[in-house]
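# This is the structure alone, sequence omitted:
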């Protein structure tokens, strides 16, 4: 009986502690770690900073009970309490980060989309493709204005190119 209980507990902990990886999601499940689209690692217990809403009506990719979360959440820090996948085999699966909102209904963040559009701020400081392009364009303008040197621009370009081409 003790062995059976140990196996049951061990198998549950292994199943729950799985790592989800962007582009390799095949089922609805709950995870402790998520390897994101841009290569960051998001874990249960991490603190996220909410960014700016993509609409005057509130956040498009942060919702509670199927409704957009209001603009008042901007610049707040939240703690991820769950990482779950939602979707279907036909349409694919996405990882949503959960955190406690008002009442009993959790707040869900479509993590990769919200990050890409600025509804959440970048957890580990890695740039998205769009942010890397923007930074390189800004540097090009600074080069043309004579504010930075060609060497400075070339260095930044070599750092941004892998992010842009990825």
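Thanks, I have it. This is a predicted model, so every value here is computed, not measured. Numbering: from 1, shown residues only.

# Can you tell me which residue is spatially central in this protein?
For the chain, the residue nearest the mean C-alpha position is residue 111 (3.6 Å; C-alpha atoms, centre = their mean).

# What backbone torsions are found at the nearest residue to it once chain neighbours are set aside?
Here the nearest residue to residue 111 in space, its sequence neighbours aside, is residue 97; by C-beta to C-beta, 6 or more residues apart in numbering that works out to 5.0 Å. No exception for glycine: its C-beta is placed from N, CA and C like everyone else's. Here is the backbone geometry of residue 97 (degrees, to the nearest 10): phi -90, psi 130.

# hang on, isn't residue 97 packed against residue 86?
No - with contact defined as C-beta atoms under 8 Å, residue 97 does not reach residue 86; the gap is 11.5 Å.

# More neighbours: the two, which one.
residue 97 (27 against 12; other C-beta atoms under 10 Å).

# What distance do you get for the more buried one to residue 48?
From residue 97 across to residue 48, the span is 7 Å (C-beta to C-beta, to the nearest Å).

# what residues are shared contacts of those two?
Taking C-beta atoms under 8 Å, 6 or more residues apart in numbering as the contact definition, residue 97 and residue 48 share the neighbouring residues 80, 109.

# picking up where we left off before, list the beta-bridge partners for the residue nearest to residue 111.
Beta-bridge pairing of residue 97 under DSSP bridges involves residue 83, residue 109.

# List the contacts of it.
34, 42, 48, 80, 82-83, 108-109, 111.

# And residue 49, by the same measure?
Contacts of residue 49 by C-beta under 8 Å, 6+ apart are 75-78, 120-121.

# could those go into JSON lines alongside secondary structure and pLDDT?
Listed next are the contacts of residue 49 as JSON lines, based on DSSP: H, G, I helix; E, B strand; the rest coil; pLDDT from 0 to 100:
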{"residue": "75", "secondary structure": "coil", "pLDDT": "90"}
{"residue": "76", "secondary structure": "coil", "pLDDT": "93"}
{"residue": "77", "secondary structure": "strand", "pLDDT": "93"}
{"residue": "78", "secondary structure": "strand", "pLDDT": "93"}
{"residue": "120", "secondary structure": "strand", "pLDDT": "92"}
{"residue": "121", "secondary structure": "coil", "pLDDT": "86"}
